[in-house]
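*Asks:* I'll drop the sequence and a predicted model, then ask my questions.
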Amino acid sequence: MFATVFYWIIIAATGLWGIWSAAWSIIYVAKHENGNLWIFAIINVLILALIGLADLIYSTEGNQWYWFASTRADISLLVYMLLAYCVLVILQVIFGFTRKPKKA
């Protein structure tokens, strides 16, 4: 039971933060404030590491029993969240570069 509840907490928290981060990234790109994307990229890399750790724990039934004393069979949303954060971080790094004006 705890494994399922914790799984949905992870999915909800990372999903909401991912939407928030993507929305503000779009706002910053629209305003040409691309340098602000770096802080989101750094935070999202840390979250990506935590999602990877959760995926490692949830990937085998033995790890789930060790950490949670219960199991969760379907972890597909966790894998999709991991992939979505990879794409989000790559886009934030690409758009985070600011072009320096050419000297006249």
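*Replies:* Nice, thanks for sending it over.
*Asks:* where does the protein have low pLDDT?
*Replies:* Along the chain, the model assigns pLDDT under 70 to residues 104.
*Asks:* Tell me which residue is most central in the protein.
*Replies:* Tyr85 (3.8 Å; C-alpha atoms, centre = their mean).
*Asks:* Excluding sequence neighbours, find me the nearest residue to that one.
*Replies:* Leu48 (4.7 Å; C-beta to C-beta, 6 or more residues apart in numbering). C-beta here means a position set from N, CA and C on the backbone, and glycine is covered the same way.
*Asks:* any idea how far Ile10 is from that neighbour?
*Replies:* Distance, Leu48 to Ile10, using C-beta to C-beta, to the nearest Å: 13 Å.
*Asks:* now Ala54
*Replies:* Distance from Ala54 to Ile10, by C-beta to C-beta: 5 Å.
*Asks:* Please apply the same query to Ser70.
*Replies:* For Ser70, the distance to Ile10 - C-beta to C-beta - is 15 Å.
*Asks:* got it, and Trp38?
*Replies:* 25 Å.
*Asks:* Which other helices and strands does the longest helix along the chain contact?
*Replies:* When the chain is parsed with DSSP state H, its longest helix is helix 2-30. Identification of packing neighbours for helix 2-30 by 3 or more C-beta pairs under 8 Å, 6 or more residues apart in numbering; DSSP states H and E yields helix 37-58, helix 61-68, helix 76-96.
*Asks:* hmm, who's touching the last one?
*Replies:* For helix 76-96, the surrounding residues in contact (C-beta atoms under 8 Å, 6 or more residues apart in numbering) are 7, 10-11, 14-15, 18, 21-22, 25, 29, 34-35, 37-38, 40-41, 44-45, 47-48, 51-52, 54-55, 58.
*Asks:* If we use 6 Å, what do you get?
*Replies:* 11, 14, 25, 29, 34, 37-38, 40-41, 44-45, 48, 51, 55 (C-beta atoms under 6 Å, 6 or more residues apart in numbering).
*Asks:* With neighbour numbers in mind, choose between Ser70 and Ile10.
*Replies:* Ile10 (19 against 13; other C-beta atoms under 10 Å).
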